[in-house]
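K.L.:
Got a predicted model here, sequence first, then my questions.
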Amino acid sequence: MNKKRLVIFGVGLAVTFVIVSYLRKNTPRLHHIQGQTMGTIVYNVKYVATEVDGLDSLISRELVDFNQSLSTYIPDSEISRLNRLGTLKYESKFFYPVLSASKAVFAQTNGTFDPSIGPLVQAWGFGPNKSIPKLDSTKVDSLRGMVGFDQVNFDDNQVTVPENFQIDFSAIAKGYAVDVVAELLEGKGIENYMVEIGGEVRCRGENDENKAWSLGIEDPTVATSEQRLLAIVRLKDRSLATSGNYRNYYEKDGKVFAHIIDPRTGYTAKHNLLSASVFASDCMTADAFATAFMVLGLEYSKEIVASQDLDAILIYRTENGIESFVSAGIQPFLEMNKTKGN
C-alpha cells in the first residue's frame, strides 16, 4: 500500500470512527447507571434515550443531597437537627413533600403509617443504634406518648414537633428517593426509564424492546440467601414497593421481633401477612402504603386497596400453607411463580 492510499485509508478510518461515535451517542438505546446510596443500598437506573452526558454524576449528587436532608444516620442532616431542636425551617426541596405525603397516608390508614414512630423504632433496636432492647409494658406505654403524626405541625416553610418526638422517614425514604431520581430523568426529557433503589421501583414508558419493564417480586417464604422470585410483573407508568417481616428482624429469648411496629400499640405487628407489594402512580405512595399494610394485616389492607387508586399483592400464611391475594388491576400484568391466587 503506497503512502497516498495509506493516508486515504487513515482518513476513512477516522471518519468512520467519528460517524460511529456520533450515531452511538445520538441514537436512542438502553443505558444503565448503578451506584450506592443510604449507606450500602444499591440503585439501578435504566433509560432508553440518547445519552445524557454526566447523568450518573447528577443522580449521585441528587441522592447525596437527599440523604443530607432526610437521613437519621447523618448527625447534621435536616431531620437530625429537627429531632434535636424540635423545629426546622426547610433548607432543601425534599422535606415538605415527604411531610405532606406522610400526612395524607397517615389519615388514609388510620394512623398505621406514622413517621413519628422514631422513639419506638429506636427502642425496639431498629434505628441507628441497633442495640437489643430491654422493654416492658411501662416503657412502651411511655414511648407511645411521644408518637402521633397528627401532633406534628408544618406548612410549606417550616415544621415543629412536640418535645421528645423523633421523626423517622425510613419507611418511605427509598420510595421517595426513587421518585426524586425519576423526576430528574424526566427533567432531562427522558420518557422511558426504570429506577430501582433497594427493591422499590418506578417505571415509565417502555424498555429497549418496546415492551413494559419486567420486574421480579421476591418470595418471602425462603431464606435470604435464596431470594427466589415469587412473581414477575410487567410494569408501565407505575411504581412498586414491597414491605415484609422476612428480612429485617432479630431473635431474643426464643422470640422473633420484626421491624414492623404498630404505632397504635407500641409493639411489633402480629398477623398472618408476610409481605405486601403495592402498586401506585408514584413510589413514595406505594412505599408508605406497603408499610401500613404490614401493620394493618390482610383484611384491612384489602379494604384500603379497594378504596384507593392502588393495586397490591398480599402474601399471607394460612393453615393450608402460603396463599396470595392479587387485586384485579394488576392481574393482567402478573405471572405468579408460587402460591394460590385468591
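P.N.:
Arrived safely. Everything quoted here is computed from the prediction, not taken from an experiment.
K.L.:
mind listing the helices for the chain?
P.N.:
Secondary structure of the chain (DSSP state H): helices at 3-26, 55-70, 78-85, 95-108, 118-123, 137-144, 170-187, 283-296, 298-307.
K.L.:
What helices and strands are in contact with the last one?
P.N.:
If contacts are counted by 3 or more Cβ pairs under 8 Å, 6 or more residues apart in numbering; DSSP states H and E, helix 298-307 sits against strand 273-280, helix 283-296, strand 311-318. All C-beta spots, glycine's among them, are computed from the backbone N, C-alpha and C.
K.L.:
and these, which is most packed in?
P.N.:
helix 283-296 (a mean of 28; mean count of other Cβ atoms under 10 Å).
K.L.:
What separation do you get for the spatially closest residue to Ala171 that is not a sequence neighbour and Glu200?
P.N.:
Counting by Cβ to Cβ, 6 or more residues apart in numbering, Thr291 is the residue found nearest to Ala171 once chain neighbours are left out, at 4.2 Å. Here Thr291 is placed at a distance of 11 Å from Glu200 (Cβ to Cβ, to the nearest Å).
K.L.:
what's the closest of the helices and strands packed on helix 298-307 to Asn110?
P.N.:
Nearest to Asn110 among the helices and strands packed on helix 298-307 is helix 283-296 (8.0 Å), distances taken as Cβ to Cβ.
K.L.:
Give me the helices and strands touching that closest one, please.
P.N.:
So helix 283-296, by 3+ Cβ pairs under 8 Å, 6+ apart, packs with helix 95-108, helix 170-187, strand 200-204, strand 238-244, strand 273-280, helix 298-307, strand 311-318.
K.L.:
angle of it against strand 311-318?
P.N.:
Per axes from the mean of the first three to the mean of the last three Cα atoms, to 10 degrees, the angle that helix 283-296 makes with strand 311-318 is 20 degrees.
K.L.:
on that earlier part again, adding mean pLDDT, write the helices and strands packed on helix 283-296 out as a markdown table.
P.N.:
As requested, the helices and strands packed on helix 283-296 are arranged in a markdown table below (pLDDT from 0 to 100):
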| stretch | mean pLDDT |
| --- | --- |
| helix 95-108 | 97 |
| helix 170-187 | 96 |
| strand 200-204 | 97 |
| strand 238-244 | 93 |
| strand 273-280 | 93 |
| helix 298-307 | 95 |
| strand 311-318 | 93 |
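K.L.:
Now tabulate the ones you listed in TSV and tack on distance to Gly39.
P.N.:
Putting the helices and strands packed on helix 283-296 into TSV (distance: least, Cβ to Cβ, whole Å) gives the following:
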stretch	distance to Gly39
helix 95-108	19
helix 170-187	11
strand 200-204	15
strand 238-244	19
strand 273-280	23
helix 298-307	29
strand 311-318	27
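K.L.:
How about Gly329, nearest residue that isn't a chain neighbour?
P.N.:
That would be Asp311: by Cβ to Cβ, 6+ apart, it lies 4.3 Å from Gly329.
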